[in-house]
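Chemist: here is the input, now give the coordinates:
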Amino acid sequence: MINQRIQKCKDKPDVLDDELVKYMMAVLMTEANEMEKELKFHHLRLKRFEVLLEEKLEKVFPEMLKTFPKTLPIIRSVASEKFISWWERGISDQEDIEKRVVLSVELELAITPTDKQKMMEIQRKMFKFLDKCAPRTVLKSKSCADLQLPLFVEILRCRLSAQNERALRAYLAITILGVDPQSVGTIEKEANYAESVRDAIKELVKMVKRKQREEMPSFIPELPRTEALIESLQMITEFAFLTLSPNMRGIVNGMVTSVLERCQRYETRLKEFTIGQEEKERDRWDVQFILDTLLRHLSKSEMQTAYIENFKKIITRAADLFPCETKYMRKFTEVHSGSTLKNMQLGIILTNRNKKIMESRLERFDLELERKQMMNSLSTMFSSMRLSASIGKSSNQRSVYNKYLEEARNLHDPAVWRLAIKAAARVGTSCLEKDAYIRAIGQCPWSLNIHLDYIEGMGPSSQDGQQTVLGKTMCYLLEIGDSMPHITFVEEEETLDTYLEVAMKAPRVE
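Modeler: Below you'll find the predicted structure:
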């Protein structure tokens, strides 16, 4: 698809094609997600970023990057954002592991000085790399469309500086006020230092909103628009100077209220049939970016302790608004689990959600309803696993398996059945694993991975059993292959373009 799009657009190399950018983003995110499964974040190395950017992208699509030079800084910026999120998680995991080592003397998990040194090295190198993506510039001098990528990169720089509050304040003063780096120390001593930065960012927000209304610019797809970026930068500024304010709780409450109101506006716009699907998708990117910025700060241990009610409001709203997003449902589950009482409360919440889904199912079939139910089930399974880990007894593995089995029987999904079979294996009873396998193939006989998982679990000593299972698997697959087509293939490119155009213009049913 990318090669076909390159041929279509190569006559206009200076024009940034939205479809081409979306394809590139999809490839990048797919590769990044595959790499993420193998990462040990507390042992993160810069080499991973080089592999993601160079081997996975720049070497795979050299013609595209040469023909369309404007795509290179975009891809570099998005790859940087993904890697910085890994770096942030690595810092968090290191702190968490060090606490566990102190509490339980788990020396095999100890963080070495080399690990911490590598994290600092990543921070320095990423600062230099971001300068290649978008050099530092005066924000007021650009049009709204030209501000999108520089603002995105500025927020990434702020995230790299967030570990040191004073360094973040100094960076914001340089970026927003245009202060000379050499004179930052002098400005910090001024009494109205924090207010000056706040006033300046408020003026920038007003300027960007005015420009966006006047210019009606075209933005880079799959990235938040300039207005959402400047609002996120304003939020970062408020958190950076929060400890210098006499009314800390009032400022946090104001930010939470503002984000909740924006979520409500987004939900209202989703129901407007006069707004196109593409515009709604851009709204979604904006809201999620603002939510992520706020949650990133409220998720810090000291902030979460002090503002736990605000954190619950935001994460509950995010999970309600985007119930199929794993990152929100995971945090939502973490907040509402960890003890028997919390798990019971979470069960009540998810049961009420599933009731609404079942009522909607009676009226129509909607794939998103199925995804919502699956996320609710995964949330239940995750909470039971966390409860078992907090208790720390091997006998709890059986209760975890029972919960997994219950959810798998309700969902009829092979991926969930595979999790249930693995949970049965952890109990350590072979007959239990066989029972889970029999139940799984009873509901999903066409799933090759379920059969292969079971064969792998048998080990080399059970060759007769392996051959029996393989024979049954081939029979199932041959029967399905003859009678059940799984997908309709569209071969003509013009027909495919028509399908995409109709899908983009169709109103989204909630």
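Chemist: report how many residues lie close to residue 316.
Modeler: Around residue 316 there are 16 other residues, counting by other C-beta atoms under 10 Å. Quick note: C-beta positions are derived from backbone N, CA and C, even for glycine.
Chemist: do the one 10 residues further on as well
Modeler: Counted with other C-beta under 10 Å, the burial measure for residue 326 works out to 11 neighbours.
Chemist: ok, it touching residue 374?
Modeler: No - using C-beta atoms under 8 Å, residue 326 makes no contact with residue 374, being 10.7 Å away.
Chemist: relative to the whole chain's centre, how far out is stretch 260-275?
Modeler: Stretch 260-275 has its C-alpha centroid displaced from the chain centroid by 22 Å (C-alpha atoms, centre = their mean, to the nearest Å).
Chemist: for stretch 380-393, that is, sorry about that
Modeler: The chain centroid and the centroid of stretch 380-393 are separated by 23 Å under C-alpha atoms, centre = their mean.
Chemist: where does pLDDT dip in the stretch 151-300 of the chain?
Modeler: Scanning the stretch 151-300 of the chain for pLDDT under 70 picks out 181-191.
Chemist: repeat that for 90
Modeler: Counting by pLDDT under 90, the stretch 151-300 of the chain shows low-confidence ranges at 151, 154, 157-223, 225-226, 240-248, 270-282, 296-300.
Chemist: just the helices in it please.
Modeler: Ranges of helices within the stretch 151-300 of the chain are 165-172, 184-188, 193-215, 226-240, 248-270, 277-298, based on DSSP state H, counting those that start in this stretch.
Chemist: any chance of these in TSV, plus mean neighbour count and distance to residue 416?
Modeler: Below are the helices of the stretch 151-300 of the chain laid out as TSV (neighbours: other C-beta atoms under 10 Å; distance: least, C-beta to C-beta, whole Å):
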stretch	mean neighbour count	distance to residue 416
helix 165-172	18	42
helix 184-188	14	54
helix 193-215	16	44
helix 226-240	23	35
helix 248-270	15	28
helix 277-298	19	26
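Chemist: now distance to residue 45 too, for those, in TSV please.
Modeler: Below are the helices of the stretch 151-300 of the chain laid out as TSV (distance: least, C-beta to C-beta, whole Å):
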stretch	distance to residue 45
helix 165-172	23
helix 184-188	32
helix 193-215	35
helix 226-240	27
helix 248-270	35
helix 277-298	23
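Chemist: any idea how far residue 126 lies from residue 81?
Modeler: As defined by C-beta to C-beta, to the nearest Å, residue 126 lies at a distance of 10 Å from residue 81.
Chemist: could you do residue 373 as well?
Modeler: Residue 373 sits 31 Å away from residue 81, going by C-beta to C-beta.
Chemist: what about the two, which has more around it?
Modeler: Counted by other C-beta under 10 Å, residue 373 and residue 81 do not tie: residue 373 has more neighbours, with 21 against 18.
Chemist: name the residues contacting each of residue 126 and residue 81.
Modeler: Residues touching both residue 126 and residue 81 (C-beta atoms under 8 Å, 6 or more residues apart in numbering): residue 156.
Chemist: burial of the residue nearest to residue 407 when sequence neighbours are not counted, as a residue count?
Modeler: Excluding the flanking residues, the one nearest residue 407 by C-beta to C-beta, 6 or more residues apart in numbering is residue 377, at 4.1 Å. Number of residues near residue 377 (other C-beta under 10 Å) recorded here: 21.
Chemist: switch to numbering from 54
Modeler: Noted, 54 is the first residue going forward, which turns the last one into residue 430.
Chemist: state the helix or strand in which residue 430 lies.
Modeler: Using DSSP states H and E, residue 430 falls within helix 420-444.
Chemist: who does that helix touch, helix- and strand-wise?
Modeler: helix 379-388, helix 393-416, helix 449-464, helix 467-480 (3 or more C-beta pairs under 8 Å, 6 or more residues apart in numbering; DSSP states H and E).
Chemist: so which of these is the most packed in?
Modeler: Comparing the helices and strands packed on helix 420-444 by mean neighbour count (mean count of other C-beta atoms under 10 Å), helix 467-480 ranks first with a mean of 21.
Chemist: that one: what's the following helix or strand?
Modeler: Counting by DSSP H and E, what follows helix 467-480 is helix 483-496.
Chemist: any idea how far the spatially most central residue of the chain lies from residue 456?
Modeler: Against the mean C-alpha coordinate of the chain, by C-alpha atoms, centre = their mean, the closest residue is residue 380 at 5.3 Å. With the distance defined as C-beta to C-beta, residue 380 ends up 22 Å from residue 456.
Chemist: same thing with residue 487?
Modeler: Computed with C-beta to C-beta, the distance linking residue 487 and residue 456 is 19 Å.
Chemist: next one: residue 261
Modeler: Distance, residue 261 to residue 456, by C-beta to C-beta: 48 Å.
Chemist: where does the prediction get shaky in the stretch 404-553 of the chain?
Modeler: Those would be 404-457, 459-553, if you go by pLDDT under 90 across the stretch 404-553 of the chain.
Chemist: point me to the helix or strand that includes the spatially closest residue to residue 54 that is not a sequence neighbour.
Modeler: Spatially, and ignoring its direct neighbours in sequence, residue 54 is nearest to residue 76 (5.8 Å; C-beta to C-beta, 6+ apart). Take DSSP H and E as the rule and residue 76 turns out to sit in helix 71-89.
Chemist: would you mark the buried spots in the helix holding residue 430?
Modeler: Residues of helix 420-444 classed as buried by neighbour count (16 or more other C-beta atoms under 10 Å): 422-423, 425-441.
Chemist: which strands and helices sit next to the biggest helix by length in the chain?
Modeler: Taking DSSP state H as the criterion, the chain has its longest helix at helix 124-157. In terms of contacts (3+ C-beta pairs under 8 Å, 6+ apart), helix 124-157 is packed against helix 71-89, helix 100-103, helix 115-120, helix 166-186, helix 197-214.
Chemist: ok, now with 6 Å
Modeler: Contacts defined by 3 or more C-beta pairs under 6 Å, 6 or more residues apart in numbering; DSSP states H and E place helix 124-157 against helix 166-186, helix 197-214.
Chemist: got the angle between that helix and helix 379-388?
Modeler: Counting by axes from the mean of the first three to the mean of the last three C-alpha atoms, to 10 degrees, helix 124-157 lies at 20 degrees to helix 379-388.
Chemist: now do the buried residues in helix 124-157.
Modeler: For helix 124-157, the neighbour count (16+ other C-beta under 10 Å) marks 124-141, 143-144, 146-147, 150 as buried.
Chemist: distance to residue 88 added to the helices and strands packed on helix 420-444, as a markdown table?
Modeler: Converted to a markdown table, those look like this (distance: least, C-beta to C-beta, whole Å):
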| stretch | distance to residue 88 |
| --- | --- |
| helix 379-388 | 17 |
| helix 393-416 | 31 |
| helix 449-464 | 27 |
| helix 467-480 | 20 |
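Chemist: how about those, which one is nearest residue 87?
Modeler: helix 379-388 (15.5 Å; C-beta to C-beta).
Chemist: just the angle for the closest one relative to helix 393-416, thanks.
Modeler: Per the same axes, to 10 degrees, the angle that helix 379-388 makes with helix 393-416 is 140 degrees.
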